[in-house]
Every structure is written in structure tokens, then in C-alpha cells.
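[1] next come a sequence and a model predicted from it.
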Amino acid sequence: MSAHLNKYTRSRPRPARRVALGFTAIGVYHLDEMRQGVMAYARERGNWTLVVNPDVIDFTIQQFRGWDGHGIIVQITSTDEAKLAAKLGLPMVNVSGALAESIVPRVTFDNPALGRLAAEHLLARGFQRLVYYGARDLWYADQRGFGFRAAAEAAGAQYFALAACSSLTNDKAWLHGDEELEAWLRTPPLPLGLFAMTDSRARMVLEACERVGLRVPDEVAVVGCNNSELICEFSKPTLTSIDRNGAKVGYQAAALLDRLMAGEKPPNADILVPPGGVVVRRSTQAVSVDDPVVVAAVRFIHDHIQTRFGVKNLLRHLSISRRRLERGFRHTLGVTPHEYLCRARVDKAEQLLGQPKELKLADIALASGFRDVKHMNLVFRRLTGRLASHYYR
């Protein structure tokens, strides 16, 4: 009887948990990935019921007073909201990077790493004048700019902070455009590589460049952040963006909340999730170098990235010696032609891996010019420290 009872006790279902997602209705396009990550964890857990806050733009933590659930995943964007959250007495995880410090345990993006990745992408294309377009009074924007600037200066590049780094409020008439942004874009020497803190701000830059007659990507190469397909694919030209790895933030936030609901102590510091990679599109498909041989080689690489070829094919296409090509790449881009080709193939694979409609790894490998998945994983590990399957969700 005792053995039977013990077996019954071990097989009892875990108590159900009611978990709320307290996200604002503003800017929901960049929260979908987080929701997907939370839902993935909830499905694995099996005993969670997810409750979504009402669809209102002025949602506040105060609306959770008296709620009889077990835990909350929330965006805390002001000090007042943080104080209210601390008084609720419910296990809670913050996923917002708006504030420098979070009273509530937090899982968020590694924002300096996002900035570094953007700078490295532009530097690899030969841009030596780098610009950051951020916003005032947002900690995550400052952190992205910090990482971008650190990488730029470490590489000896010239760094600019865009003078038009406004707040997210705007009292100007929409049809007037952003005169401040346009005026600034006319001042620095060209060409330059620009990183905007979000895809929305990057699109503003693309539109401003068109109004003032600057060619993208030849004169201004633009990188956004969030990899919002709606913005990136419908921008003109299509927008290169940093994949923030939002689904993993949501998953890690749910895992942390689960531990807190089980009575564990919160971590001593934020849990930072590394970026998923650069999704390359037309807005950065250029190189800023004076060597016509290197420019021609890079264009050939990107125009034929889906086919299998090596440096020998480049030499035949350009009708030059290997020594001339190697010297040109090392002098202008700091890498060998083979290294540049491998990086371009990884960029293409990351773009395909980040698409909402999942492709088979074998198809992604072939579409990126790799022999097979094994070859793709070898190159990924060498260049990123991770396997291509790490990005496969």
C-alpha cells in the first residue's frame, strides 16, 4: 500500500500556474517574439495558463492589484511603475531595458553586444566613419550606442553621435519630415555607416536619405535593430537589421519566473541574452573602399552567394593574380578574400534562419553556398563560436 501511495504521489500533476503577460499595446510588433518564447516555455511546462492584459495603450502595473494569479512577466518602463511593481508582492520578471536599474528581476537583451555587432558588420564592409542614431532618456538606447562606439573606436574608426537623437515624443507636423535629421545628414563627410537603435529609426534615416539625395548603401549604409520583417522587407532599400533574439528573451524570462514562483531567490544581476546575428539586406550590401578590384570581388560574392564557388572562381572572373586580390582585401578590409566569403555565407544563412517560415537546415546550407549542413556548422563555429542549429527555432 505504501509503495502504491508513493507511486501515486510521484505521478500527481504539478499545481496549475496562472501567469500574466503585462505588455503595453504600443509597439506590439517587437513583442511578438517575446510572447512566442514565453508560450514555448509554457507548452513545455504543461501546467501554465497565460493571461494577457487588456488591449489598452495606457496599461499600468497598478491594474494587477488584487489579481489572484501566481506570477507576471512585464515591461517596466518608468520608476513609478517599478515602485508599484515592488509593492504587489507577486513573483515578477521585467523584460524592458528602458531603465538603467530594475528593482524587479530582469531578463533583457545584451544591448552593448547589439551595438558591437552592428559596428563589426559595417567595419567589415570597409566603412571607417560610423554614426549612431539613438534616443534620449532610454537606457537600452544608450547601451546600444556604447557598444557601437566601443567597437568603432577599438577598430580606429571615426565615430559620430547623430545630433538629432531626439526623444520618442514629437510635436512637429508629420508631413514636414525630420528637418533636424536631414540637416545632420548633409554635414559629415561621406561615405558613412549608420546604426539606428531600432528598425523604425533606421527607416526614418532611409527616408531622410532619399529626400536629401544620398545613395543607400553606397554613400550611407544603414543597419537597424529588431529585425521586424514588416519594416525591413518593405523599406526602400530593404533594411539590414540585428536580430535581438526576442524569443529567447521571452523563454528565459518564463524560466526565471518559474524558478521565482518555486521559491528560489532572484539572481544578483540582469540575465542578458546575446543577439541572434545580423540579417543582411540591401541597405548594407556595399563596400566603402577605393580599390576597384575589391569592390568588384565583393559585388561578385554577394551576387552569387547562393552558388558554390571559391577564391579561384573570383580570380578567373576578375582576371587577376591571387597575390593582387589578397593584398587588396587585406589592405582595405583587413581580411583575406576567403574569410570575407565565409562571413558573407554566414550572414546569408543567418538571414534565412531568422525567417518566420522555417526552412530545412539542408536547404539553408545550399542556399547560402555551403556544401552541406556539416560544412555550414564548421564555418559557423569558427566565426561565431556556435553552430548554425543554435539559431534554428
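    The structure has been received and is ready for your questions.

[2] can you pull out the helices in the stretch 251-393 of the chain?
    292-303, 311-318, 322-333, 337-353, 361-367, 373-384 (DSSP state H, counting those that start in this stretch).

[3] CSV for the ones you listed, including mean pLDDT and distance to Gly89?
    (C-beta placed from N, C-alpha, C; glycine too.) CSV is the format used below for the helices of the stretch 251-393 of the chain (pLDDT from 0 to 100; distance: least, C-beta to C-beta, whole Å):
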stretch, mean pLDDT, distance to Gly89
helix 292-303, 87, 55
helix 311-318, 91, 63
helix 322-333, 90, 56
helix 337-353, 87, 41
helix 361-367, 92, 46
helix 373-384, 90, 42
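
[4] Leu88 is nearest to which of the ones you listed?
    Closest of the helices of the stretch 251-393 of the chain to Leu88 is helix 337-353, at 38.5 Å (criterion: C-beta to C-beta).

[5] pull the distance from that closest one to the chain's centre.
    Its chain's average C-alpha position is 17 Å from that of helix 337-353, according to C-alpha atoms, centre = their mean, to the nearest Å.

[6] for it, name the packing helices and strands.
    The contact analysis (3 or more C-beta pairs under 8 Å, 6 or more residues apart in numbering; DSSP states H and E) places helix 337-353 against helix 111-124, strand 277-279, helix 292-303, helix 311-318, helix 322-333, helix 361-367, helix 373-384.

[7] rerun at 7 Å
    strand 277-279, helix 292-303, helix 311-318, helix 322-333, helix 361-367, helix 373-384 (3 or more C-beta pairs under 7 Å, 6 or more residues apart in numbering; DSSP states H and E).

[8] out of those, deepest packed?
    Among those, ranked by average contacts under mean count of other C-beta atoms under 10 Å, first place goes to strand 277-279 (a mean of 24).

[9] any idea how far the nearest residue to Leu361 once chain neighbours are set aside is from Leu352?
    Once flanking residues are discounted, Leu361 sits nearest to Val373: 4.9 Å by C-beta to C-beta, 6 or more residues apart in numbering. Val373 sits 13 Å away from Leu352, going by C-beta to C-beta, to the nearest Å.

[10] now do the shared contacts for these two.
    Common neighbours of Val373 and Leu352 (criterion: C-beta atoms under 7 Å, 6 or more residues apart in numbering): none identified.

[11] now the helices and strands packed on helix 337-353 in JSON lines, with distance to Ala151?
    Converted to JSON lines, the helices and strands packed on helix 337-353 look like this (distance: least, C-beta to C-beta, whole Å):
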{"stretch": "strand 277-279", "distance to Ala151": "13"}
{"stretch": "helix 292-303", "distance to Ala151": "21"}
{"stretch": "helix 311-318", "distance to Ala151": "28"}
{"stretch": "helix 322-333", "distance to Ala151": "16"}
{"stretch": "helix 361-367", "distance to Ala151": "28"}
{"stretch": "helix 373-384", "distance to Ala151": "16"}
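
[12] which residues of this protein fall in strands?
    Per DSSP state E, the chain carries strands over the ranges 17-22, 48-52, 71-74, 92-94, 107-109, 129-133, 158-161, 192-196, 220-225, 240-243, 271-273, 277-279.

[13] now the second one against strand 17-22, angle please.
    So the one you mean is strand 48-52. For strand 48-52 against strand 17-22, the angle by axes from the mean of the first three to the mean of the last three C-alpha atoms, to 10 degrees is 30 degrees.

[14] who's in contact with strand 48-52?
    16-21, 39, 42, 69.

[15] cool, the fourth one as well?
    Around strand 92-94, the neighbours that count as contacts under C-beta under 7 Å, 6+ apart are 71-74, 76, 85, 102, 104-107, 253, 256-257.

[16] try it again with 10 Å
    19-20, 22, 38, 61, 64, 71-77, 81-82, 85-86, 102-108, 252-261, 266, 270-271 (C-beta atoms under 10 Å, 6 or more residues apart in numbering).

[17] what mean pLDDT does that strand get?
    Averaged over strand 92-94, pLDDT sits at 95.

[18] may I see the buried residues of it?
    Neighbour-count burial for strand 92-94 flags 92-94 (criterion: 16 or more other C-beta atoms under 10 Å).

[19] got a list of what Glu101 touches?
    So Glu101 contacts 79, 82, 139, 270 (C-beta under 10 Å, 6+ apart).

[20] where in this structure is pLDDT low?
    Scanning the chain for pLDDT under 70 picks out the ranges 1-14, 24-30, 53-59, 163-177, 354-358, 391-393.

[21] how does it divide into domains?
    2-108+246-276, 111-244+279-284, 292-391 (automatic domain parsing).
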